[in-house]
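**Student:** Would you be able to build a 3D model of this:
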Amino acid sequence: MNRIMRTTGIALVCAAFGALCSVSAQTQVVGSSGASAEKIVRPSPLSLVVRPGVDLPIGSTAQYFSLGGTVDVALHYKLGKLLGLPAFAAGGISYAYAPDQASDSISIATARVGAGLQFPLSPRFRFLAYGSGGYYFGTLNDFSLSSTNPYADGGIGMEFSMTPTVSLGITGVYRNYFGLYQGVSAALGTTIALGPQPQGAAAGFYPSGTITPLSGALSETKLDVPPLFPVFYQYYDDHPVGTVDIRNTADSTANDITATVYIKQFMDNPKTVSLKGSLVPGADEQVDLYALFNDNVLSVTEGTKVSAQITFDCTVDGQKYEDKSVETIQFLNRNAMTWDDNRRAAAFVTAKDPQVLSFAKNVVGPIRDREVHALNAQLQTAMGIHDALDLYGLNYVPDPTTPYVVFSKKQGVPDFLQFPRQTLQYKSGDCDDLSILYSALLESVGVNAAFITTPGHIFVAVDTGLAPDQAQNALIPDGQFIVKNNEVWIPVEITLRHKGFLAAWQTGAKEWNEADQAGNAGFYPIEKAWSVYAPVGLPGSGPNLVFPATGQVVASYQADVRKFIDQAISPEVTRLRAQIASSGSLSAMNHLGILYAKYGQPDQAEAQFKQILQKRSDYVPAVINLGNVYFLQQDWQNARKYYQQASELQPDNGRVVLAVARVNQELENYGDAKRNYEKLKKIDPPLAKKYSYLAMGAAGANRAADVTAEQQQVEWEAE
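**Tutor:** Model (predicted):
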């Protein structure tokens, strides 16, 4: 009979264990990891506790019973906090075997409920205190006598976490089977967390250096990192690479939460972001993730997947916790970009690329010495670079796989853009590639550029540095420029190859005006775009390039300049010639000579002024202006000859006095230059202030200012 009762008790325990295990299978899915699509399971608050122990009767019970034993099976359920400590509810059953001193024994089956508190001592150790109550059924093992009465117990113990799932412990318990038996027990126990335990970031925070979870602290419920663009590797330092959603599944508030991203081959150091505030139990938060990549990402010529380590840290109840997971992140190729923001193309405008600098400076150097001073310098630089690209053999070839006209309308779909060095190497590109190259060349020599976008197309605007009221004096035609922030820009259709700069300018103006009137024109200055999308350079120096011959570039540039000037001044030339033909006006002839001289036609200017002097040798404006023509050609002796002649005719004319001082300065007659300058200060103080270097004598000739530019400035004398 005794054996039957003991067997019945063991069977009861096993049945309870099986029932509890079936409960443990009911877990809750709270999210998924964006990278691996794993199901994230919230750490279960339910655990199974099995405690076999030895019972020692006390009090009057000790007169009748001797040493026995109990097997206790319980479920613990985490409740949150009570009095600032983790609390739990408990319910269970037990079987006790108690031999009496008369060689008989009793069996006791108990069912009870209760509650308790945990006292965390360290990440692995915790102290427990609990109490419960219920009813028991006790019987002599020969079934001659049985009874049912209330039951109560209370215990304290210590648990040690072996793994996130299993803990071992020792417990001391006081038991009172009212009307039958009371005693104390010493029990060894095992606590098993029920349900599958999540791994990695889903498992919650673990204390640094351990694998013990804090009752399921934070869990990652969703990771969202879209494909990354190598060309924007600096952009991601202060713009998110993606987001992660986290949830506080602990019983306590999580503080000092940080998220860190690290990709070994593409980052020198991890990038950490701190969450503002704290996260209360059960709360969710979306966290932006950042990364400071190194330029190794520019070696990615084909899309590739890499492993990223994402680490979370937090503080819970004063204890530091850490959780790490490894996720898969995709990098697109280094030429990839989407047109969600048209400013992004500025990242490809690598003005400091060695080959870009070499090309631009080989063009601008020679043409700077041949610039027409009265024309806008930025306009002439744009002409020279445009003509050099034509001579270089650059061609507009739409990309058959990723044409701009198609991909510019597909936000989020990667396009393939060439770096300037690549376009120089291939000698061809789509409209976006040519616009990027032209902008880079301009920016490399200090001329600001901007992208212009119209539906299905992109081209370039060149900053002249002029205000709108200065455009007419610079011969820039109405309707062929753009005004932005009180600055005049020239639109250039860079894809219109082999037809000259003026055709590209006129076509660009037409495209801009049509799109602007329809409200479809976009304007994106490169320098402003760089503040968000910094330019990046390709590794290495690239292959050697064969630039067009300097003589060819200069000839093409000068032809474009002459063509532009002829078109620009033609109406005024026609008007003045008609006036001269009808009246023989010397003033009109003088104005025509000035017009020729200012716009780079010294031969026509010289002929015009000499024609005037043949009619009237004492006509001072023509005398001074003829001297100016020679001065601009650095023919100092002829310039001095005519300036002296003008001085004899009008010794107190401020422009004449200035001209004499300047030509003597160039001839190193510093004494004469200074005496004339002192005279100028009395006659025309504002004009003297403009040329104050003349007061310095020899020191003025060696000043750091740009002497060449100054030699191209003269004061024309109009009647």
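**Student:** quick one, strands of the stretch 101-250 of the chain?
**Tutor:** Ranges of strands in the stretch 101-250 of the chain, per DSSP state E, counting those that start in this stretch, are 105-120, 125-140, 146-161, 166-177, 181-193, 206-207, 218-224, 242-248.
**Student:** Touching, F416 and L332? I think so.
**Tutor:** No - using CB atoms under 8 Å, F416 makes no contact with L332, being 9.9 Å away. Yep, even glycine has a C-beta here, placed from its N, CA and C like the rest.
**Student:** Neighbour count for the two, which is higher?
**Tutor:** Using other CB atoms under 10 Å as the criterion, F416 and L332 rank with L332 on top: 20 against 16.
**Student:** which ones are touching the nearest residue to F293 once chain neighbours are set aside?
**Tutor:** Counting by CB to CB, 6 or more residues apart in numbering, F293 lies nearest to Y233, which is 3.8 Å off, once chain neighbours are set aside. With contact taken as CB atoms under 8 Å, 6 or more residues apart in numbering, Y233 is in contact with 266, 293-295, 297-298, 536.
**Student:** Can you tell me which of the residues you listed is nearest T495?
**Tutor:** V536 (24.6 Å; CB to CB).
**Student:** Convert the helix or strand harbouring I436 to PDB, retaining C-alpha atoms only.
**Tutor:** Using DSSP states H and E, I436 falls within helix 431-444. Only the C-alpha atoms of helix 431-444 are listed here, as PDB (Å, rounded to 0.1, in the frame of the first residue of the first chain):
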ATOM      1  CA  CYS A 431      23.100  64.000 -69.500                       C
ATOM      2  CA  ASP A 432      23.600  63.500 -65.800                       C
ATOM      3  CA  ASP A 433      27.200  62.300 -66.400                       C
ATOM      4  CA  LEU A 434      28.100  65.300 -68.600                       C
ATOM      5  CA  SER A 435      26.500  67.700 -66.200                       C
ATOM      6  CA  ILE A 436      28.400  66.300 -63.300                       C
ATOM      7  CA  LEU A 437      31.700  66.500 -65.300                       C
ATOM      8  CA  TYR A 438      31.100  70.100 -66.400                       C
ATOM      9  CA  SER A 439      30.100  71.200 -62.900                       C
ATOM     10  CA  ALA A 440      33.200  69.600 -61.500                       C
ATOM     11  CA  LEU A 441      35.500  71.300 -64.000                       C
ATOM     12  CA  LEU A 442      33.900  74.700 -63.300                       C
ATOM     13  CA  GLU A 443      34.000  74.300 -59.500                       C
ATOM     14  CA  SER A 444      37.700  73.200 -59.700                       C
END
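**Student:** contact partners of the next helix or strand after it?
**Tutor:** Following helix 431-444 in sequence order, the next helix or strand is strand 449-454 (DSSP H and E). Residues from elsewhere that reach strand 449-454 (CB under 8 Å, 6+ apart): 342-343, 345-346, 349, 408, 435, 438-439, 442-443, 458-463, 482, 484, 489, 491, 508, 511-512, 514-515, 520-526, 529.
**Student:** try stretch 89-99
**Tutor:** Contacts for stretch 89-99 (CB under 8 Å, 6+ apart): 5-6, 9-10, 12-13, 16, 49, 55, 57, 65-77, 79, 105-116, 130, 132, 175, 181.
**Student:** Repeat the analysis, applying 7 Å as the threshold.
**Tutor:** Stretch 89-99 is contacted from outside by 6, 9, 12-13, 16, 55, 65-66, 68-77, 79, 105-116, 130, 132, 181, using CB atoms under 7 Å, 6 or more residues apart in numbering.
**Student:** Now which of those would you call buried?
**Tutor:** Among these, those classed as buried by 16 or more other CB atoms under 10 Å are 9, 12-13, 16, 55, 65, 68, 70-76, 105-110, 112, 114-116, 130, 132, 181.
**Student:** Give me the packing partners of the top helix by length along the chain, helices and strands only.
**Tutor:** Criterion DSSP state H: the longest helix present in the chain is helix 550-583. Judged by 3 or more CB pairs under 7 Å, 6 or more residues apart in numbering; DSSP states H and E, the packing partners of helix 550-583 are helix 354-368, helix 377-392, helix 501-517, helix 586-598.
**Student:** Deepest-packed of those helices, please.
**Tutor:** With neighbours defined by mean count of other CB atoms under 10 Å, none of those is more surrounded on average than helix 377-392, at a mean of 23.
**Student:** Pull up the pairing partners for the helix or strand just after it, direction included.
**Tutor:** Sequence-wise, the next helix or strand downstream of helix 377-392 (DSSP H and E) is strand 395-396. Strand 395-396 has the following sheet partners, assigned by DSSP bridges: strand 428-429 (parallel).
**Student:** coming back round to it: which one of the helices and strands packed on helix 550-583 lies nearest to K427?
**Tutor:** Closest approach to K427 among the helices and strands packed on helix 550-583 (CB to CB): helix 377-392, 7.0 Å.
**Student:** in the protein, which ranges drop under the pLDDT threshold?
**Tutor:** Along the chain, segments meeting pLDDT under 70 span 1-44, 101-103, 123, 164, 195-221, 399-412, 699-711.
**Student:** Quick one: the helices and strands packed on helix 550-583 as TSV, columns for distance to N669 too.
**Tutor:** Shown next, in TSV, are the helices and strands packed on helix 550-583 (distance: least, CB to CB, whole Å):
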stretch	distance to N669
helix 354-368	29
helix 377-392	31
helix 501-517	43
helix 586-598	25
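**Student:** Quick one: closest of those helices to A555.
**Tutor:** Between A555 and those, the shortest gap by CB to CB is with helix 377-392, which sits at 9.1 Å.
**Student:** In terms of secondary structure, what does the closest one contact?
**Tutor:** Secondary elements touching helix 377-392 (3+ CB pairs under 7 Å, 6+ apart): helix 354-368, helix 431-444, strand 457-463, strand 487-492, helix 501-517, helix 550-583.
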